[in-house]
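Undergrad: fold the following for me, if possible:
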Amino acid sequence: GRSMKIRIVLFALLLMFALSSTATADVELAWWGGNGFPAETYRMLTSPVTGAFDPAEYGQGSWTGIPGTDWRVSWWNHNSGTYNRFGEGGDEAPDMLRGVGYWYISATQRDAITFPGDPSWDEPDRVTLNTTNGANAYTMIGNPYPGDYHATKLDIYVNGNYVQTIEEAANAGRIVNSAAWWWQGDYQTPDFNSSNFPTSVGFWITTTTLGAAAYGDAGELHFGLDPNIMPEDGPDPWRDDPLQGWELQLVVASSDGEYLHHNNRLGIRENGTEVFDLNDINELTPPTSSYVLLYFPHPEYEVCTGNFTQDIRSMEFDGPKVWDFTIKTVNIQNSSFTLDWAGIDDIPENYTLTLIDADNNSVIGDMRDIGQVAFRNGDGAVQELHYRVTCDYTPEWVGPGSSSLPGGFGLTNAYPNPFNNVVNLEYTLPINQTASLKVYDMTGKLVDTISGNLQGEGTVSWNASGVQSGVYMMQLESGNQVSLKKVILMQ
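TA: Next comes the predicted model:
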């Protein structure tokens, strides 16, 4: 009777309490550093909760509204080479999973978005590695753990069996040595050793043809269960024993500051080569419809063909090194831009870097002197400008003002530089000393003798009519004393 009803009611209440106590709570994601999700801004992320999740079907909390209008989540389908989306019809994206990367964008500002479920440190995650398209096969992944994750903890598995670490794969040329992630309108491209990702942040991994051949269709990226990064005071060969060489960073930006591309580097390194290696990082297309890119095209690379944002060569010189690069604007018309560079003051002075307008085959100048180039694009939807950097190396170079030169001896100035036909050379010599002044090309071949009997202080000119454009060395010599000055001839 009545006692039975009471027991039934009590049982129902207990059951409801048990269910409520075990129900999963939403996980709030504020993205990296609590920066949130500004309106109309792309973020790379992954689901922070265990289990599969379809945001369009869920339709609650952060996922109310119309997919494709109020918010959008896109998944890269490497089989078709296109993006699949949630709730927008057509080829729907599969349910969101931990470790798989996605693009997220919202029509309005959101301080955070929520995912129904529980986070976990205890479950390993494996993401299928894209090798279907061979060279430049892209896989977007994300940190699935509720804390920082270091990229060096990623491993490669094939058919469920461990093969190698991500760093070993990069050293073997199977994976590009970068975990690229999108931030403030530009891709950040640190190498694996420098990549530490906050919870749920997504990033791109690129597989080369060597990786495709080695892993086939059964390759997986495995997030290890020991995600903690190396302590700052611990040994780090990259930090404690850096490789010799130098880098020059190239930056292109619109004058109004709306468009920027700055993670572009050329340089030399002791472990660099003239072909694709672990120092080279491929260029990625931005998710936005309007952008500016700067890249080094290398269609000749067999392992990883295409465009590169970082192009590092060897330190061996058997002639000038040449870097061709392209500046590409998409859906930006009749706008002013600047091309800048950083790091040139850290490059030893026996390296001469010359910027050339490749479209017009004209020398712009010595990059130590000019500092910046301004240009304006036209009215085409897609436009390209082509430039070239040449680097000449002079071993054991002795420049004017060097401490190795005796006082009162040397070439003190060359003007104009670059020059067309005639360059003026200022010199100074000690009393009762004579010197010769000769011109050499960058292979060491004698081109001309300007004078064999200079004395005192003065200015002498060299007329380079009939000489090919290029970089030349002016050599002032008296006994065992030598002073050199580089000049650029632009016919």
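
Undergrad: now G87: which helix or strand?
TA: Using DSSP states H and E, G87 maps to neither a helix nor a strand.

Undergrad: shaky segments in this protein?
TA: Scanning the chain with the threshold set as pLDDT under 70 gives 1-25, 124, 133-135, 225-242, 395-407.

Undergrad: helices of that one, residue ranges please.
TA: With DSSP state H as the criterion, the chain has helices at 2-22, 55-58, 166-171, 209-215, 237-240, 367-370.

Undergrad: need the CA coordinates for the fourth one. CSV is fine.
TA: Included here for helix 209-215 are C-alpha records, laid out as CSV according to Å, rounded to 0.1, in the frame of the first residue of the first chain:
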residue,chain,number,x,y,z
THR,A,209,56.8,11.2,-49.8
LEU,A,210,59.3,9.3,-47.7
GLY,A,211,56.8,9.2,-44.9
ALA,A,212,54.0,8.0,-47.2
ALA,A,213,56.3,5.2,-48.4
ALA,A,214,57.3,4.2,-44.9
TYR,A,215,53.9,4.4,-43.2
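
Undergrad: which parts of that helix are buried?
TA: For helix 209-215, a neighbour-count test (16 or more other Cβ atoms under 10 Å) marks T209, L210, G211, A212, A214, Y215 as buried. For every residue, glycine as well, the C-beta is placed using N, CA and C.

Undergrad: give me the residues contacting that helix.
TA: Outside helix 209-215, the residues that touch it by Cβ atoms under 8 Å, 6 or more residues apart in numbering are 129, 131, 134-135, 137, 156, 158, 163, 169, 172-175, 207, 219, 302-304.

Undergrad: out of those, which sit inside strands?
TA: Among these, the residues falling in strands (DSSP state E) are A137, I156, V158, V163, T207, G219.

Undergrad: most neighbours of all these, which one?
TA: Most neighbours among those, by other Cβ atoms under 10 Å: T207, with 29 neighbours.

Undergrad: how near is it to A93?
TA: 21 Å (Cβ to Cβ, to the nearest Å).

Undergrad: V100 too?
TA: For V100, the distance to A93 (Cβ to Cβ) stands at 10 Å.

Undergrad: now the common contact residues for the two.
TA: W75.

Undergrad: the nearest residue to N177 once chain neighbours are set aside: neighbour count?
TA: Nearest residue to N177 in three dimensions, chain neighbours excluded: A170, at 3.8 Å (Cβ to Cβ, 6 or more residues apart in numbering). A170: 22 surrounding residues under other Cβ under 10 Å.

Undergrad: I'd say A170 and Q164 touch.
TA: No: at 9.8 Å, A170 and Q164 do not qualify as touching, with contact defined as Cβ atoms under 8 Å.

Undergrad: gap between the nearest residue to F53 once chain neighbours are set aside and R85?
TA: Sequence neighbours aside, M96 is the residue nearest to F53 in space, at 4.6 Å (criterion: Cβ to Cβ, 6+ apart). From M96 across to R85, the span is 12 Å (Cβ to Cβ).

Undergrad: contact partners for the residue nearest to N177?
TA: With Cβ under 8 Å, 6+ apart, A170 has these contacts: V176, N177, D191, F192, L278.

Undergrad: next: H222.
TA: So H222 contacts P124, D125, R126, L154, D155, I156, Y157, Y162 (Cβ under 8 Å, 6+ apart).

Undergrad: one more pass at 10 Å, please.
TA: 99, 124-127, 129, 153-157, 160, 162-163, 165-166 (Cβ atoms under 10 Å, 6 or more residues apart in numbering).

Undergrad: give me the distance between it and L129.
TA: Distance from H222 to L129, by Cβ to Cβ: 10 Å.

Undergrad: what sits in contact with each of those two?
TA: Common neighbours of H222 and L129, using Cβ under 10 Å, 6+ apart, are I156, Y157.

Undergrad: about what we covered before: among the ones in strands among the contacts of helix 209-215, which two are most distant?
TA: The distance between the two most remote of those (Cβ to Cβ) is 16.6 Å, for A137 and V163.

Undergrad: next, count neighbours for the nearest residue to F375 once chain neighbours are set aside.
TA: The shortest distance from F375 to any non-neighbouring residue, by Cβ to Cβ, 6+ apart, is to F337 (5.6 Å). Residue crowding around F337 was assessed by other Cβ under 10 Å; the count is 21.

Undergrad: in contact with P144, which residues?
TA: 46-50, 97-100, 119-121, 123-125, 127, 199-200, 223, 227.

Undergrad: give me that answer again for 8 Å
TA: Shown in contact with P144 (Cβ under 8 Å, 6+ apart): T46, S47, P48, R98, G99, D125, S200, F223.

Undergrad: identify the residue spatially nearest to it, adjacent ones excluded.
TA: In space, P144 is closest to R98, 3.8 Å off (Cβ to Cβ, 6+ apart).

Undergrad: repeat for P146
TA: Leaving aside its chain neighbours, P146 sits nearest to P119 (4.0 Å; criterion: Cβ to Cβ, 6+ apart).

Undergrad: surely that neighbour and E28 touch.
TA: No: using Cβ under 8 Å as the test, P119 is too far from E28 to be in contact (10.5 Å).

Undergrad: which one's more surrounded, those two?
TA: Higher neighbour count among P119 and E28: P119, with 20 against 13, using other Cβ under 10 Å.

Undergrad: relative to M474, how far out is the more buried one?
TA: With Cβ to Cβ as the criterion, P119 and M474 are 67 Å apart.

Undergrad: how much space separates N263 from Y149?
TA: With distances taken as Cβ to Cβ, N263 is found 21 Å from Y149.

Undergrad: of those two, which one has the most company?
TA: Y149 (25 against 20).

Undergrad: list the contacts of that one.
TA: So Y149 contacts N143, N196, F197, T199, F223, P227 (Cβ under 8 Å, 6+ apart).

Undergrad: okay, and the beta partners of it?
TA: Assessed by DSSP bridges, Y149 has beta-bridge partners F197.

Undergrad: over to E92?
TA: Under DSSP bridges, the beta-bridge partners of E92 are R85.

Undergrad: what is the neighbour count of it?
TA: Applying other Cβ under 10 Å, we find 14 other residues in the vicinity of E92.

Undergrad: and the gap between it and Y58?
TA: In this view, E92 and Y58 are 14 Å apart by Cβ to Cβ.

Undergrad: can you check I166 too?
TA: Separation of I166 from Y58 (Cβ to Cβ) stands at 33 Å.

Undergrad: kindly provide the distance from Y291 to G185.
TA: Noted for Y291: a distance of 8 Å to G185, by Cβ to Cβ.

Undergrad: same deal with A212?
TA: A212 is 31 Å from G185, by Cβ to Cβ.
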